[in-house]
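>>> fold the following and give me the result.
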Amino acid sequence: MPDNLKFRSASDKDLFDLLMSAKQRISEKALRSIALERGILYSERSDREYLCDAISLLPHDYGSVVRLIDAREAPARQEKRTFTTLPVELDLPELDLVLNVYKSEPGYQDELTIHHKRATGVTVNIAYDEVDYSKTRLMQRTRRDTEIEFSFENGKTIIRSQSTTKADEVVAAITRKIEDLKRVNITPVSISLEGLSSEQRSRFFLALIRSLPEYRLMTVVNMRIASEGDDQDLEQGIDIDKDNDVAAAPELVGRVNSIVLSGNNLLQSAEYQNLRRSGFFITSMTWQSEQQAEPRDVLQFDASFKRAREGTGFRFNARIARRLQNGNPTSDFKPLEVHRQPSIWRMIETASQQVLADIKTNPPERGDKP
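So this is what the prediction gives:
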């Protein structure tokens, strides 16, 4: 929550809407605790709407409103990751100069913090306000932060960041500043399926899920497909029932954007082969893989493209289900620990680059059996 609020007053209705909109974050128990801090006791039989109404009518100063907003805000989101390579060599003084020029521009309002990582690169943290006018007034402005990493490797500059609109805007602006500094035109290099056939696009995902070193593919959990003959950029999820060993798909009626498929044998199923021959291609894949070494964690990976039909804006993520004492994995997947993230991110980066290079090298007809 920013210290400098963008409003100067809050009505009873504003406070009531704020409290009512946070059913999971501000429960009946939490509401009674808020009242108890004022020395007020409410009956256990009081429903949530009554408690929100009663508390909203109490006097609230600035600090009280800020605490309510903080209690209402959801935990930080785990955004998908992306990376791009600038075919230009930078050093720390040059990048520092570019970043300082960027944040000193007139009208710049974000909070930009620079952290040096020895001589290998720089990590930039940007705190900014995200505005959503569809929310109740006191929740329209949310404080977010995004981290962008610049690494100097083999005469190139690799930029790693969260796959968000804000991060994309910052990376594009800093790239333009680097062009001004170097006096050259820079064409960023990223994972892109643009210009590839529908067969090659599907091959990318089917090869990627099997190309992560030290991880064994267990099952495909979810995927999205689209038709190369449909101009609409709409996709529907295809949920794979990993508990069913037999593929069971509904009838394919006409030329549609997506179709539901079930079973572990998805990649070899007749339904998938029919989709492939009909010009459908995969645009997103979620799968689970087991670590081959101890502690044999199960990770759920996700790979997709922000602009699915064009095949640009590659992004990915990974979550973990650890092993219980009895050896079974937990049923829920949680964000990776911070210290494990760099190695996992780089593993996906390297695998996606190698897969794409192989697809571009080999003709489509050689990829019928990924």
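>>> every contact and neighbour count from this point should use C-alpha atoms.
Fine.
>>> which stretches in this structure count as helices?
According to DSSP state H, the chain carries its helices in the segments 12-20, 28-37, 48-56, 62-72, 92-103, 165-182, 198-208, 270-277, 341-361.
>>> buried stuff in the longest one?
Same thing as helix 341-361. 345, 348, 349, 351, 352, 355, 356, 359 (16 or more other CA atoms under 10 Å).
>>> what's the answer for the fifth one, then?
Of the residues in helix 92-103, those scored as buried under the neighbour-count criterion (16+ other CA under 10 Å) are 92, 95, 98, 99, 102, 103.
>>> walk me through the domains of the chain.
Using automatic domain parsing, the domains assigned to the chain come out as 12-72, 81-182, 198-367.
>>> nearest to residue 191, of those domains?
The closest of the domains of the chain to residue 191 is domain 198-367. By CA to CA, the value is 5.8 Å.
>>> closest to the centroid, which residue in this structure?
residue 80 (2.2 Å; CA atoms, centre = their mean).
>>> who touches it in this structure?
Counting by CA atoms under 8 Å, 6 or more residues apart in numbering, residue 80 touches 162, 163, 164, 315, 316, 317.
>>> for the closest residue to the first one other than its chain neighbours, give me its contacts.
Right, the one you point to is residue 162. Leaving aside its sequence neighbours, residue 162 sits nearest to residue 81 (CA to CA, 6 or more residues apart in numbering; 4.5 Å). Residue 81 makes contact with 160, 161, 162, 163, 315, 316, 317, 345, according to CA under 8 Å, 6+ apart.
>>> give me the buried subset of the residues you listed.
For those, a burial check counting by 16+ other CA under 10 Å picks out 160, 161, 162, 163, 315, 316, 317, 345.
>>> low-confidence ranges in the stretch 201-350 of the chain?
Low-confidence segments of the stretch 201-350 of the chain (pLDDT under 70): 228-272.
>>> what segments of it are strands?
In the stretch 201-350 of the chain, the strands defined using DSSP state E, counting those that start in this stretch lie at 215-227, 237-239, 280-291, 298-307, 312-321, 334-335.
>>> which of those strands sits closest to residue 69?
Nearest of these (CA to CA): strand 334-335, 24.8 Å.
>>> ok, the closest one: who's next to it in the sheet?
Looking at strand 334-335 with DSSP bridges, its partner strands are strand 312-321 (antiparallel).
>>> if we can go back for a sec, switch the strands of the stretch 201-350 of the chain over to a markdown table; also include distance to residue 203.
As requested, the strands of the stretch 201-350 of the chain are exported to a markdown table (distance: least, CA to CA, whole Å):
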| stretch | distance to residue 203 |
| --- | --- |
| strand 215-227 | 13 |
| strand 237-239 | 17 |
| strand 280-291 | 8 |
| strand 298-307 | 13 |
| strand 312-321 | 15 |
| strand 334-335 | 28 |
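>>> those: which one's closest to residue 38?
Smallest distance to residue 38 across the strands of the stretch 201-350 of the chain (CA to CA): 36.8 Å, for strand 334-335.
>>> ok, residues contacting that closest one?
78, 318, 319, 320, 321.
>>> now that strand: how far from the chain's centre is it?
How far strand 334-335 lies from its chain's middle: 12 Å, per CA atoms, centre = their mean, to the nearest Å.
>>> same question, stretch 283-295
Its chain's C-alpha centre and that of stretch 283-295 lie 17 Å apart, by CA atoms, centre = their mean.
>>> residues making contact with stretch 347-364?
Stretch 347-364 has contacts (CA under 8 Å, 6+ apart) with 83, 191, 197, 199-200, 203-204, 207-208, 211-213, 316.
>>> filter these to the buried ones?
Burial by neighbour count, judged by 16+ other CA under 10 Å, picks out 83, 191, 199, 200, 203, 204, 207, 208, 211, 212, 316 from the contacts of stretch 347-364.
>>> let's have these in a markdown table, adding distance to residue 48.
Output for the buried ones among the contacts of stretch 347-364, formatted as a markdown table (distance: CA to CA, whole Å):
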| residue | distance to residue 48 |
| --- | --- |
| 83 | 45 |
| 191 | 49 |
| 199 | 54 |
| 200 | 54 |
| 203 | 52 |
| 204 | 50 |
| 207 | 51 |
| 208 | 48 |
| 211 | 51 |
| 212 | 49 |
| 316 | 39 |
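>>> need the max-distance pair from these.
For these, the farthest-apart pair by CA to CA is 83 and 199; their separation is 24.4 Å.
>>> relative to residue 80, how far out is residue 281?
22 Å (CA to CA, to the nearest Å).
>>> pretty sure residue 302 sits against residue 286.
Yes: contact criterion CA atoms under 8 Å: residue 302 and residue 286 qualify, at 4.4 Å.
>>> which residues touch residue 99?
residue 174.
>>> quickly note the distance from it to residue 126.
Separation of residue 99 from residue 126 (CA to CA) stands at 11 Å.
>>> for residue 27, same thing?
Separation of residue 27 from residue 126 (CA to CA) stands at 32 Å.
>>> try residue 328
Per CA to CA, residue 328 is found 40 Å from residue 126.
>>> between these two, which is the more surrounded one?
A direct count of neighbours by other CA atoms under 10 Å for residue 328 and residue 126 places residue 126 higher, at 18 against 13.
>>> what's the local residue count around the residue nearest to the more buried one when sequence neighbours are not counted?
Of all residues not flanking residue 126 in the chain, residue 112 sits nearest, at 4.6 Å (CA to CA, 6+ apart). By other CA under 10 Å, 18 other residues sit near residue 112.
>>> next: residue 86.
Neighbour count of residue 86, defined by other CA under 10 Å: 19.
>>> check it and give its pLDDT.
Here, the pLDDT recorded for residue 86 equals 96.
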